[in-house]
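Participant: I would like the atomic coordinates for the input below:
(chains A and B)
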Amino acid sequence: MSAAIGMEVLKAKGRKIWLVVAIMMAVQLLWAGWAISNKDANDLAQGWMFFLYQFPMLNCIIMPVIAAVVASRLSDVEHKGQTFKLLETIIPTKRIFAAKFVWGSIYMLGAALGQLAIMIGMGVVLHFGGPVPWGALVGYLLFTLMVSLTIYVFQQGVSMLVANQMVPMTLGLVGGFIGLFSMFFPQSFQKLILWSYYGVLMQVGMNWDPITRATDFYWKAIDWPGLGLILVFFGLIYGIGQTLFVRREV
Amino acid sequence: MSNIIETEGLSKQYGGVYRVKDVDLKVPEGAIYGFLGPNGAGKSTTLKMILGLAKPTEGAITVFGKQVNSKNRLENLKNVGSLIESPSYYGHLTGEENLRIFQTLRGVPEQNINDVLKIVRLENQQHKKVNQYSLGMKQRLGLASALLGYPKLLILDEPTNGLDPAGISEMRELIQSLPQKFGMTVVVSSHLLSEIDQLATRVGIIREGELVYQDSLTKLHQYSQQHLAVRTLNNEVTKAFLSQNGVVWEAEDDYLIIPQMKDTMMAEISKALGQNNIGLVRIEERKKSLEDIFLELTGTAVSL
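Facilitator: Next up, the predicted model:
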């Protein structure tokens, strides 16, 4: 398995995948800077909660795009060079799928850690109120990763099965937008949409007073059923994707 | 001589239609087996089934004396190198990096990379990105990937496809040298009769998914032996006359095709026909070309 993962690293050479992740992180950094720029000292007192509320919303669109691009970049080299038919005579087909998943996950982890660094960096520099909420930040990292890996494995499955990479890219973008807009719908509906889980697993809620137009953030309990469901989604999508990939004939 | 590959009743259906039907392939050890057939005859599908890339609808495959199944497939394929349809490569990587990937995954010594690059004469191009290779170079890289583990069996599907005459000749020389140099058994498929004629020691011809011929190339050539074509003013009476005298005949247009015979024998037939008032108007020596035989067997125009 380690050899297969190592070879994924070599195959990704020159594919500029980290550049895509970096660009998306730069977008997130700029957005965070803009969002916090008009906040006064009172607002900054809730700075950590503000970020932990806004970042998952932005992730509905940012992370699916990263997942779609990473999965596509890792898979299209195989389609272009018709390498699956050779690889499948050397290593088990399941291992090809797994190695690609492991290496793709590293990019998703990189993106999630990048977001965390942006949050902590800005929080420390701008002196957000109170101590750094390490527990919530670790929770954010884990939940973001869990949802992102589920979306990534979906993207990987489609990218490996379909040679035309426009299909998974379009699916990724459409999914992201559905995820974003589903936040305006009830939670029961959100839980049916894979891309909505960044919102489902948010640890912060917001009250907005339409008269004073003031916002107030509060800590929310973890949505354990939601977490359980995303784990089920992950298992199902991985299993289905892998089975379809193994069963298809080259 | 034992068979490296044996298939029994190998069949494959796509959408209820048999693309390969009841193929009993027998590839002897040390042979260069030419798998010949027109485009779409089922060559690639058969080879893919042997490699486990397609699942047979019916039938059994035995490679190295072991029946292949999904569990032992990769274990069996450790001694098999393959190049199916077109070379597999990562265009954004160099030739050497491509081989490194397959060498690492195969778990064979690193030194094999340099060795196979020399065999396929790509050692001077190894640091060039494969996207910049010509088709011939890509085919040679594909062959190098297949050779990495010095397999006992090499399966090459249309390895000369798309190559110019010089490339075809070079690839042919390479393939021909493999059994002697490395003791490999080679299965090479092609729709080009001339290609297989110059390369193979044994040949299998597939037509619309069915194996219509399988034997040595020498035997196939025997079918092209000379014969005589005679035309008389009354072929019907001549047929009866020939049969009475034990001469095998076959009607073809206005001619009767009879086996090659001594001049004295032909003179006697001619004399006897004259005595029976049957005017002999033509005696021609004919030879079936290999193309004619291929055409008869496959029912399609031969690719030259």
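
Participant: From here on, just use CA atoms for contacts and neighbour counts.
Facilitator: Will do.

Participant: Please identify which helix or strand holds residue B:173.
Facilitator: Under the criterion DSSP states H and E, the helix or strand holding residue B:173 is helix B:165-182.

Participant: after the one helix or strand in chain A whose mean pLDDT sits lowest, next one along is what?
Facilitator: Averaged element by element with mean pLDDT, DSSP states H and E, chain A has its least confident helix or strand at helix A:41-44 (a mean of 76). Tracing the chain C-terminally past helix A:41-44 and defining elements by DSSP H and E, one meets helix A:47-81 next.

Participant: Which secondary structure elements does that following helix sit against?
Facilitator: Judged by 3 or more C-alpha pairs under 8 Å, 6 or more residues apart in numbering or on different chains; DSSP states H and E, helix A:47-81 is in contact with helix A:17-37, helix A:93-125, helix A:134-161, helix A:166-181, helix A:197-200, strand A:204-208, strand A:215-219.

Participant: Could you give the average pLDDT over it?
Facilitator: For helix A:47-81, mean pLDDT rounds to 93.

Participant: distance of residue B:227 from residue B:265?
Facilitator: If you measure residue B:227 against residue B:265 using C-alpha to C-alpha, to the nearest Å, the figure is 14 Å.

Participant: Compare the two (neighbour count), which wins?
Facilitator: Each of residue B:227 and residue B:265 has its neighbours counted (other C-alpha atoms under 10 Å in any protein chain shown); residue B:227 has more, 15 against 10.

Participant: Let's check: the centremost residue of chain A is which one?
Facilitator: Against the mean C-alpha coordinate of chain A, by C-alpha atoms, centre = their mean, the closest residue is residue A:148 at 2.9 Å.

Participant: List, one by one, the residues from chain B near chain A.
Facilitator: Residues of chain B lying near chain A by C-alpha under 8 Å from any C-alpha of the partner chain: B:51-55, B:74, B:77-78, B:82-84, B:86-93, B:101-102, B:104-106.

Participant: hang on, the earlier thing: give me every residue that touches the residue nearest to the centre of chain A.
Facilitator: Contacts were defined as C-alpha atoms under 8 Å, 6 or more residues apart in numbering or on different chains; by that measure residue A:148 touches A:63-64, A:67, A:108.

Participant: quick one: residue B:298 and residue B:39 touch, right?
Facilitator: No: in this structure residue B:298 lies outside contact range of residue B:39 using C-alpha atoms under 8 Å: 10.9 Å.

Participant: These two: who's more crowded?
Facilitator: Per other C-alpha under 10 Å, whichever of residue B:298 and residue B:39 has more neighbours is residue B:298, with 22 against 15.

Participant: pLDDT score for that one?
Facilitator: Reading off the per-residue confidence, residue B:298 sits at a pLDDT of 71.

Participant: Could you list which residues are in contact with the residue lying closest to it once chain neighbours are set aside?
Facilitator: Setting aside the residues directly before and after it, residue B:298 is nearest to residue B:207 in space (C-alpha to C-alpha, 6 or more residues apart in numbering or on different chains), at 5.2 Å. With contacts defined as C-alpha under 8 Å, 6+ apart, the neighbours of residue B:207 are B:37-38, B:41-42, B:297-299.

Participant: which one of those residues sits closest to residue B:185?
Facilitator: Within these, the smallest distance to residue B:185 is 20.0 Å, found for residue B:37 (C-alpha to C-alpha).

Participant: Quick check: that closest one touching residue B:195?
Facilitator: No: using C-alpha under 8 Å, residue B:37 is not in contact with residue B:195; the gap is 11.7 Å.

Participant: So for those two, which residue has more residues nearby?
Facilitator: Counting neighbours by other C-alpha under 10 Å for residue B:37 and for residue B:195 shows that residue B:37 has the greater number, 29 against 21.

Participant: any idea how far that one lies from residue B:206?
Facilitator: Taken as C-alpha to C-alpha, the span from residue B:37 to residue B:206 is 5 Å.

Participant: any shared contact partners between these two?
Facilitator: Taking C-alpha under 8 Å, 6+ apart as the contact criterion, the residues that touch both residue B:37 and residue B:206 are B:43, B:298.

Participant: contacting residues for the residue in the stretch 201-304 of chain B that chain A sits nearest to?
Facilitator: Shortest the stretch 201-304 of chain B-to-chain A distance, computed as C-alpha to the nearest C-alpha: residue-wise this is residue B:209, at 18.1 Å. Contacts were defined as C-alpha under 8 Å, 6+ apart; by that measure residue B:209 touches B:18-21, B:23, B:41-43.

Participant: One more pass at 7 Å, please.
Facilitator: Counting by C-alpha atoms under 7 Å, 6 or more residues apart in numbering or on different chains, residue B:209 makes contact with B:19-21, B:41-42.

Participant: Which residue lies closest in space to it, excluding its sequence neighbours?
Facilitator: residue B:20 (3.8 Å).

Participant: Specify the beta-bridge partners of that neighbour.
Facilitator: According to DSSP bridges, residue B:12 are recorded as the beta-bridge partners of residue B:20.

Participant: on that earlier part again, just the buried residues out of the residues of chain B next to chain A, in PyMOL syntax.
Facilitator: What follows is the PyMOL syntax selecting those of the residues of chain B next to chain A that are buried according to 16 or more other C-alpha atoms under 10 Å in any protein chain shown:
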select buried, chain B and resi 51+52+53+54+55+74+77+78+82+83+84+86+87+88+89+90+91+92+93+101+102+105+106
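
Participant: Among the residues of chain B next to chain A, name the ones in strands.
Facilitator: Applying DSSP state E to the residues of chain B next to chain A, the entries found in strands are B:82-83.

Participant: Need the distance between the two termini of stretch A:191-201.
Facilitator: Taking C-alpha to C-alpha, the span from the opening residue of stretch A:191-201 to its closing residue is 10 Å.

Participant: Give me the buried positions along it.
Facilitator: A:191, A:193-201.

Participant: In those, find the pair that's most separated.
Facilitator: Every pair of these checked by C-alpha to C-alpha; the farthest is A:193 and A:201, at 12.7 Å.

Participant: Near residue A:224, how many other residues are there?
Facilitator: Counted by other C-alpha under 10 Å, the residues lying close to residue A:224 total 11.

Participant: just so I have it, where are all the helices in chain B?
Facilitator: Secondary structure of chain B, counting by DSSP state H: helices at B:43-51, B:73-77, B:95-106, B:111-119, B:135-147, B:165-182, B:193-199, B:217-222, B:235-244, B:263-275, B:290-298.

Participant: Nearest to residue A:138, out of those?
Facilitator: Comparing the helices of chain B against residue A:138 with C-alpha to C-alpha, the closest turns out to be helix B:95-106 (36.5 Å).

Participant: Domains in chain B, by residue range?
Facilitator: Under automatic domain parsing, the residue ranges defining each domain of chain B are B:3-79+B:151-222, B:226-287.

Participant: And what about the residue of chain A most remote from its centre, helix, strand or coil?
Facilitator: Relative to the centre of chain A, the most outlying C-alpha is that of residue A:211, 35.5 Å out, by C-alpha atoms, centre = their mean. In terms of secondary structure, residue A:211 is coil; the call rests on DSSP: H, G, I helix; E, B strand; the rest coil.

Participant: Please tabulate the helices of chain B in CSV and include distance to residue A:238 as additional columns.
Facilitator: As requested, these are arranged in CSV below (distance: least, C-alpha to C-alpha, whole Å):
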stretch, distance to residue A:238
helix B:43-51, 26
helix B:73-77, 23
helix B:95-106, 23
helix B:111-119, 35
helix B:135-147, 31
helix B:165-182, 42
helix B:193-199, 45
helix B:217-222, 50
helix B:235-244, 74
helix B:263-275, 78
helix B:290-298, 46
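
Participant: Specify the stretch among those that is closest to residue A:48.
Facilitator: Residue A:48 sits nearest to helix B:95-106 of all these, at 45.6 Å, using C-alpha to C-alpha.

Participant: Just the angle for the closest one relative to helix B:135-147, thanks.
Facilitator: Calculated by axes from the mean of the first three to the mean of the last three C-alpha atoms, to 10 degrees, helix B:95-106 forms an angle of 20 degrees with helix B:135-147.
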